[in-house]
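Asks: fold the following for me, if possible:
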Amino acid sequence: MNNLVIGIKKFFTNKNTVTVVGVILAIIVLYVGYNMRVNQAVNPISVPYALVTINPSTQITEDMVGTMEVPPAMLAGDVYRNAEDVIDMYSAGDSVIPEGSLFYSRSVVTRDQLPAAIIYNYPKGYVLYNLAVNMTTSYSNSIYPGNYIDIYLKITNPTDANGNVTEDRIMIGKLLENVKVLAVFDSNGNNVFANLDEKGTPAQIIFAVPEEYHLLLRKASYLRAYDSEIIPVPTAESLEEDPGDVKVSSEDLRNFINNVTAMTDQELAATQQQ
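Replies: Okay, the predicted model is just below:
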């Protein structure tokens, strides 16, 4: 037994033997590693692909997605490998996904990433309104999508009860309250908050209000003879568990706007029902 142990020790302490064993082990490792890499590159995997041509800004539904077996070596670029990752997503606004194409990260986006995402985010019966702003009126870019604002109206030199212009007089008050901001865009139509590290300069605040209030705002914006100004004011309404509905805050302002502008038959009928 002792002779066997001594023989083994001599075998492994022999430099030539160690070198040979090391070379053999290295060859084995290289062979196994090479075969694993080859198998990984050759053995097909299942990936999703488009069963039909998907136009820009289209929701990707389950019936549009199939799966195929492809060698991993053929997957160039950032390709989605699970159908669950693309179903219910959207094709990018500037991309057509051809029939038979794989799904690439460049061409698949969430709904909020669509250029026209705001059209999905307001109630039925509401109308979009774009209010021009700047750094001052946006409170140094402090009005974010999802915030609530009140809408104030400033009118310079309004007429009195007899229709006479009251010189050097200003009328100002809260016209609407509890208005939810949907988006903030710069002058090029880009989302100001798409990149928080490089905020753009706000040029428009987008929100939606019921048609009646939308018409009221449009009329207020066209009161050129009275030098009117629509002013957004941030509120803490978004912090409430149940934010209030949009409503008119000043009947005096509403009546003034309607008195100095023409009303449609529909508006007259709505006014009579109130």
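Asks: and the longest strand along the chain, what's buried?
Replies: Counting residues, the longest strand found in the chain (DSSP state E) is strand 170-185. Going by neighbour count (16 or more other C-beta atoms under 10 Å), the buried part of strand 170-185 is 171, 175-185. All C-beta atoms are positioned from the backbone trio N, CA, C, and that covers glycine.
Asks: now these as a markdown table including distance to Thr67?
Replies: As requested, the buried residues of strand 170-185 are exported to a markdown table (distance: C-beta to C-beta, whole Å):
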| residue | distance to Thr67 |
| --- | --- |
| Met171 | 66 |
| Leu175 | 55 |
| Leu176 | 51 |
| Glu177 | 52 |
| Asn178 | 47 |
| Val179 | 46 |
| Lys180 | 41 |
| Val181 | 41 |
| Leu182 | 37 |
| Ala183 | 36 |
| Val184 | 40 |
| Phe185 | 39 |
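Asks: low pLDDT regions in the stretch 151-274 of the chain?
Replies: 158-168, 194-197, 263-274 (pLDDT under 70).
Asks: before we move on, back to that, what's the closest of the buried residues of strand 170-185 to Gln113?
Replies: Nearest to Gln113, judged by C-beta to C-beta, of the buried residues of strand 170-185 is Ala183 at 12.4 Å.
Asks: tally up the residues packed near the closest residue to the closest one other than its chain neighbours, please.
Replies: Among residues not flanking Ala183 along the chain, Ile206 sits closest, at 4.3 Å (C-beta to C-beta, 6 or more residues apart in numbering). If you count neighbours by other C-beta atoms under 10 Å, Ile206 ends up with 17.
Asks: where along this protein do the strands fall?
Replies: 45-50, 65-70, 90-91, 108-109, 126-132, 148-156, 170-185, 204-210, 228-235, 247-248.
Asks: doesn't Ala208 make contact with Pro123?
Replies: Yes - using C-beta atoms under 8 Å, Pro123 and Ala208 qualify as a contacting pair, with a distance of 7.3 Å.
Asks: beta partners for the residue nearest to Ala183?
Replies: Taking DSSP bridges as the rule, Ile206 bridges to Asn130, Ala183.
Asks: I'd like the numbering to begin with 492 instead of 1 from here.
Replies: Understood, numbering begins at 492; the last thing we discussed is Ile697.
Asks: what distance do you get for it to Asn746?
Replies: Distance from Ile697 to Asn746, counting by C-beta to C-beta, to the nearest Å: 28 Å.
Asks: try Ile518
Replies: According to C-beta to C-beta, Ile518 stands 94 Å off from Asn746.
Asks: equivalent analysis for Val672, please.
Replies: 27 Å.
Asks: Ile721 too?
Replies: Counting by C-beta to C-beta, the gap from Ile721 to Asn746 is 17 Å.
Asks: the more surrounded of these two?
Replies: Comparing Ile721 with Asn746 by other C-beta under 10 Å, the one with more neighbours is Ile721, at 19 against 11.
Asks: give me the nearest residue to Ala727, chain neighbours excluded.
Replies: Tyr639 (7.8 Å).
Asks: wait, what's in contact with that neighbour?
Replies: Neighbour list for Tyr639: 669-672, 725-729, 734 [criterion: C-beta atoms under 8 Å, 6 or more residues apart in numbering].
Asks: which ones are touching Pro614?
Replies: Ala699.
Asks: go again with 6 Å.
Replies: Residues near Pro614 by C-beta atoms under 6 Å, 6 or more residues apart in numbering: none.
Asks: show residues contacting stretch 666-681.
Replies: Taking C-beta under 6 Å, 6+ apart as the rule, stretch 666-681 contacts 609, 612, 634, 636, 638-642, 644, 683, 691-698, 704, 728, 735, 737, 740-741, 744.
Asks: what subset of those residues is buried?
Replies: Buried among the contacts of stretch 666-681 by 16+ other C-beta under 10 Å: 609, 634, 636, 638-642, 644, 683, 691, 693-698, 704, 728, 737, 740-741, 744.
Asks: check the closest residue to Asp569 other than its chain neighbours and give its pLDDT.
Replies: In space, Asp569 comes closest to Ser596 once its chain neighbours are excluded; the distance is 4.2 Å by C-beta to C-beta, 6+ apart. With respect to pLDDT, Ser596 has a value of 87.
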